[in-house]
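A.B. asks: based on what follows, work out the 3D shape:
(one chain, ligands or ions: 2)
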Amino acid sequence: MKNILCIGAGYVGGPTMAVIADRCPDLTVTVVDINAVRIAAWNSDELPIYEPGLDEVVKRCRGRNLFYSTDIPKAIREADLIFVSVNTPTKTFGAGAGKAADLQYLEKTARSIIEHAESDKIVVEKSTLPVRTAQAMSRILHSNTKNLKFQILSNPEFLAEGTAIRDLENPDRVLIGGMETPEGQGAIEALASIYARWVPRERIITTNLWSSELTKLVSNALLAQRVSSVNSISALCEKTEANIDEVTGAAGKDSRIGPKFLKASIGFGGSCFKKDILNLVYLCGHYGLPEVADYWEQVIKMNDFQARRFVGNMLAAMFNTVADKKIAIFGFAFKADTGDTRESPACAVCLQLLEEHARLNIHDPKALGNAKLDLEGVAGDISYLEDPYEAAKGVHAIAVVTEWKSFRELDYQRIYDSMEKPAFLFDGRNILDHKMLFEIGFNVYPIGKRKLTHF
Ligand code: UDX
Ligand code: ADP
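C.D. replies: Ligands and ions are numbered 1, 2, ... in the order given. Sure, this is the predicted structure:
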């Protein structure tokens, strides 16, 4: 095993291969993509994605044993092991539209592997996929007329954006699924031995292919369910004067529940949670389990409800109209420490506010470029501002929708002084010091906590 290839240079393939190259200097790691602009960015000083710590790792390895290229045929010919990390978005057309995964990029990748391969290879599914995709992948690969043999592995990635490098360097677990045949087990061991250079063996879990594929969907579904559960209770807290942080703090002390991933918010976003749950819902429907499908679909419905509820609270607080009012939107990324805006609840909030004819000043430390793309062509008065103080100047309200640490460090007296009065602050992430803001003069609306108003 000498040459590792990754097809797809995105949020998963990019950081994952950088860390493999870093930890395995004796391997040659090549990352290819059909998107030449993206590859050029990986080869430049301005990487195509923002991820803390990524620049350093890439700088250490690029040109040494880490290469970014658009020459897909050559890379396939030379590779011993190929990670497939292309996008698998939710289908927007035809059968299963809105739920099933769109596997066209995956199938095209499999076909280009058989077109260019000249030797046997291990092919590793890295993208999140519906259960039993490996079977389809295997059938396509083995339709080759060159008598080539492929071993298919499932090795889902569990990294979270914003902490990708930390997650890759110190993963809770690495999961590798393969066929229960001697060849399958050999392929599992070949991949496990790569991770074993830096991950303790007991954290490398091996299963059959289908368990591995399903585990990825289930892990994300369970995490998303936790967020929706907490957000549903945040609505009840606002009605009962209970405090969501006190409730989850105390509930999370039960070691069976645990303290993590219990933060109320305007909702979850990101490329995975919604897509994977929809995928799970589709699979359950396909296998004749409508009750199970409905159960998981509710997690998404609750998430949509939470963003709508947030905007509803804004409207109610601001005398039932935001028409023509300027509102500063603090954050657009789906979470802090990333420039990624895929499925960001911030976008849903902005669209609803624009429907109400609000005028928006959007500020985000890393995601303004993506915000502009997401809102391209959307009617309304939208400004994008690098400076949070400029974004807040003259506005009626501030809505905090991403939990950037920098928002905690702003001079809110200065911001208050520059705003229209009464000044409203809606903290969709519960990250600010609400009492201090109230004392400055803001009317403060947290999530799942008593509002602090001067009326
Ligand atoms: C997720 C999984 O964590 C990761 O294992 C998988 O590989 C990909 O999907 P990611 O989408 O990058 O990672 O971010 P994550 O930290 O899980 O957050 C997802 C969303 O949930 C964000 O919008 C975040 O703000 C929200 N969230 C998270 C909450 O609202 N409350 C929480 O307590 C935690
Ligand atoms: P993820 O978050 O799963 O990494 P991204 O959308 O960020 O998803 O990245 C997937 C990448 O895969 C994109 O850069 C896309 O151009 C690339 N890609 C899609 N299809 C192919 C293909 N057939 N060959 C090579 N790269 C591909």
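A.B. asks: pretty sure Thr163 contacts Lys335?
C.D. replies: No: the pair Thr163 and Lys335 fails to qualify as a contact (CB atoms under 8 Å) at a distance of 9.8 Å. C-beta coordinates here come from the backbone N, C-alpha and C atoms, glycine included.
A.B. asks: what about those two, which has more around it?
C.D. replies: Lys335 (22 against 16; other CB atoms under 10 Å).
A.B. asks: okay, and that one sits in which element?
C.D. replies: Under the criterion DSSP states H and E, no helix or strand holds Lys335.
A.B. asks: how about Ile114?
C.D. replies: helix 104-116.
A.B. asks: can you give the contact residues for that helix?
C.D. replies: 7-8, 72-73, 76-77, 82, 84, 86-88, 121, 123, 127, 129, 133, 136-137, 140-141, 143-144, 146, 148, 150 (CB atoms under 8 Å, 6 or more residues apart in numbering).
A.B. asks: can you say which of those residues are buried?
C.D. replies: 7-8, 72, 76, 82, 84, 86-88, 121, 123, 127, 129, 133, 136-137, 140-141, 144, 150 (16 or more other CB atoms under 10 Å).
A.B. asks: for the residue nearest to Leu262 when sequence neighbours are not counted, list the residues it contacts.
C.D. replies: What sits nearest to Leu262 in space, not counting adjacent residues and going by CB to CB, 6 or more residues apart in numbering, is Thr248, at 4.0 Å. Counting by CB under 8 Å, 6+ apart, Thr248 touches 230, 233, 262-264.
A.B. asks: confirm that Thr248 sits in a strand.
C.D. replies: No: Thr248 is assigned helix when assessed by DSSP: H, G, I helix; E, B strand; the rest coil, not a strand.
A.B. asks: measure it to Gly288 for me?
C.D. replies: Thr248 sits 36 Å away from Gly288, taking CB to CB, to the nearest Å as the criterion.
A.B. asks: interface residues of the stretch 101-250 of the chain facing ligand 1?
C.D. replies: 157-161, 220, 223, 227 (CB under 6 Å from any ligand atom).
A.B. asks: strands - which of the contacts of Thr248 land there?
C.D. replies: Using DSSP state E, no member of those sits in strands.
A.B. asks: and of those, the nearest to Lys2?
C.D. replies: Using CB to CB, Lys263 comes nearest to Lys2 of these, at 44.0 Å.
A.B. asks: can you tell me the closest non-neighbouring residue to Pro259?
C.D. replies: Nearest to Pro259 is Gly252, by CB to CB, 6+ apart, at 3.7 Å.
A.B. asks: give me phi/psi at the one you found?
C.D. replies: Gly252 adopts backbone torsions of phi -70, psi -10, taken as degrees, to the nearest 10.
A.B. asks: what's the burial count for the nearest residue to Gly380 once chain neighbours are set aside?
C.D. replies: The spatially closest residue to Gly380, leaving aside those adjacent along the chain, is Leu354, at 3.9 Å (CB to CB, 6+ apart). When neighbours are defined as other CB under 10 Å, Leu354 has 19 of them.
A.B. asks: pretty sure Leu354 sits against Gly377.
C.D. replies: No: the criterion here is CB under 8 Å, and Leu354 misses it with Gly377 at 11.9 Å.
A.B. asks: you'd agree Ala399 is in a strand?
C.D. replies: Yes: according to three-state DSSP, Ala399 belongs to a strand.
A.B. asks: who does the spatially closest residue to it that is not a sequence neighbour form a beta bridge with?
C.D. replies: Spatial nearest neighbour of Ala399, excluding adjacent residues (CB to CB, 6+ apart): Phe426 at 4.6 Å. Under DSSP bridges, the beta-bridge partners of Phe426 are Ala399, Tyr445.
A.B. asks: if I pick the residue nearest in space to the middle of the chain, what's in contact with it?
C.D. replies: Geometric centre of the chain, nearest residue: Gly270, 3.2 Å, by CA atoms, centre = their mean. Applying CB under 8 Å, 6+ apart to Gly270 gives the contacts 161, 334-335, 340, 342-344.
A.B. asks: any idea how far it lies from ligand 2?
C.D. replies: Gly270 sits 9 Å away from ligand 2, going by CB to the nearest ligand atom, to the nearest Å.
A.B. asks: kindly report the same for Tyr384.
C.D. replies: 22 Å.
A.B. asks: same question for Leu168.
C.D. replies: 13 Å.
A.B. asks: how about that residue: what's its closest non-neighbour residue?
C.D. replies: According to CB to CB, 6+ apart, the nearest residue to Leu168 is Val19 (4.1 Å).
A.B. asks: show me this protein divided up by domain.
C.D. replies: 3-199, 209-455 (automatic domain parsing).
A.B. asks: distance check, the closest residue to Ala323 other than its chain neighbours against ligand 2.
C.D. replies: Nearest residue to Ala323, sequence neighbours excluded (CB to CB, 6+ apart): His357, at 4.0 Å. Noted for His357: a distance of 34 Å to ligand 2, by CB to the nearest ligand atom.
A.B. asks: repeat that for Lys149.
C.D. replies: 22 Å.
A.B. asks: how far does stretch 48-64 stretch from start to finish?
C.D. replies: 20 Å (CA to CA, to the nearest Å).
A.B. asks: and ligand 1, is it touching that?
C.D. replies: No: Stretch 48-64 does not reach ligand 1 (CB under 6 Å from any ligand atom); its nearest approach is 10.2 Å.
A.B. asks: run the chain-centre distance for that stretch.
C.D. replies: Here the centre of stretch 48-64 is set off from its chain's centre by 19 Å, with CA atoms, centre = their mean, to the nearest Å.
A.B. asks: from now on call the first residue 59
C.D. replies: In the new count, where the first residue is 59, that last one comes out as stretch 106-122.
A.B. asks: now do the strands in the protein.
C.D. replies: Using DSSP E, strands in the chain cover 61-65, 86-90, 124-127, 139-142, 179-183, 208-212, 232-236, 262-266, 384-388, 417-421, 440-442, 455-458, 482-485, 501-503.
A.B. asks: now these as a markdown table including mean pLDDT?
C.D. replies: Formatted as a markdown table, the strands of the chain follow (pLDDT from 0 to 100):
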| stretch | mean pLDDT |
| --- | --- |
| strand 61-65 | 98 |
| strand 86-90 | 98 |
| strand 124-127 | 98 |
| strand 139-142 | 97 |
| strand 179-183 | 97 |
| strand 208-212 | 96 |
| strand 232-236 | 97 |
| strand 262-266 | 97 |
| strand 384-388 | 98 |
| strand 417-421 | 98 |
| strand 440-442 | 98 |
| strand 455-458 | 98 |
| strand 482-485 | 98 |
| strand 501-503 | 98 |
